[in-house]
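A.B. asks: Predicted model, plus sequence, below.
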Amino acid sequence: MDKSWKWQLYGHIEEFCKQKEYHLDFINGTEDHIHLLISPKPVFSLSNVVRDIKRDSCYWIKEQNLCSTHFSWQDGYGQFAAASIHC
């Protein structure tokens with residue numbers, strides 16, 4: 001990912017998540033991947049949320065003509081879960 005349009009992409013992903021009510025808490029990354037901290041409602045499966053974000057952002061990057069070469073996200077994703085206990 002080119003640093004010159006990184007923040008545009010992050011802003012687009014944030015807006016997309018707001019529209020879908022995915023509750024994106026945090027976004028950042030490096031040249032070759034991004035990190036998302038997401039707290040989706042229980043009605044959303046995480047695999048569908050990630051699929052939707054990847055699909056929409058890939059289309060957006062292509063529509064905006066931001067990448068001079070072919071752009072695509074890698075297959076799959078990493079997932080970490082945290083739980084809190086309230087007594």
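C.D. replies: Here it is on my side, so go on.
A.B. asks: what about the residue most central in space within the chain, distance to Glu63?
C.D. replies: Nearest residue to the geometric centre of the chain (Cα atoms, centre = their mean): Ile53, 4.9 Å. Distance from Ile53 to Glu63, counting by Cβ to Cβ, to the nearest Å: 16 Å. C-betas here are computed from N, CA, C, even on glycine.
A.B. asks: So which residues of this protein form strands?
C.D. replies: Applying DSSP state E to the chain gives strands spanning 24-29, 34-38.
A.B. asks: Run the chain-centre distance for the first one.
C.D. replies: Its chain's C-alpha centre and that of strand 24-29 lie 8 Å apart, by Cα atoms, centre = their mean, to the nearest Å.
A.B. asks: do the same with the shortest one
C.D. replies: Remark: strand 34-38 is offset 6 Å from the chain centroid, using Cα atoms, centre = their mean.
A.B. asks: buried sites along that strand?
C.D. replies: Ile34, Leu36, Ile38 (16 or more other Cβ atoms under 10 Å).
A.B. asks: could you pull out the helices for this protein?
C.D. replies: 6-20, 46-63 (DSSP state H).
A.B. asks: Turn these into a markdown table, columns for mean pLDDT and distance to Ala81.
C.D. replies: Below are those laid out as a markdown table (pLDDT from 0 to 100; distance: least, Cβ to Cβ, whole Å):
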| stretch | mean pLDDT | distance to Ala81 |
| --- | --- | --- |
| helix 6-20 | 96 | 18 |
| helix 46-63 | 95 | 9 |
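A.B. asks: Pipe those into a markdown table and attach distance to Ser72 per row.
C.D. replies: Formatted as a markdown table, the helices of the chain follow (distance: least, Cβ to Cβ, whole Å):
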| stretch | distance to Ser72 |
| --- | --- |
| helix 6-20 | 14 |
| helix 46-63 | 6 |
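A.B. asks: For Gln74, which of these is the nearest?
C.D. replies: Closest to Gln74 of those, according to Cβ to Cβ: helix 46-63, at 9.1 Å.
A.B. asks: who does that closest one touch, helix- and strand-wise?
C.D. replies: helix 6-20, strand 34-38 (3 or more Cβ pairs under 8 Å, 6 or more residues apart in numbering; DSSP states H and E).
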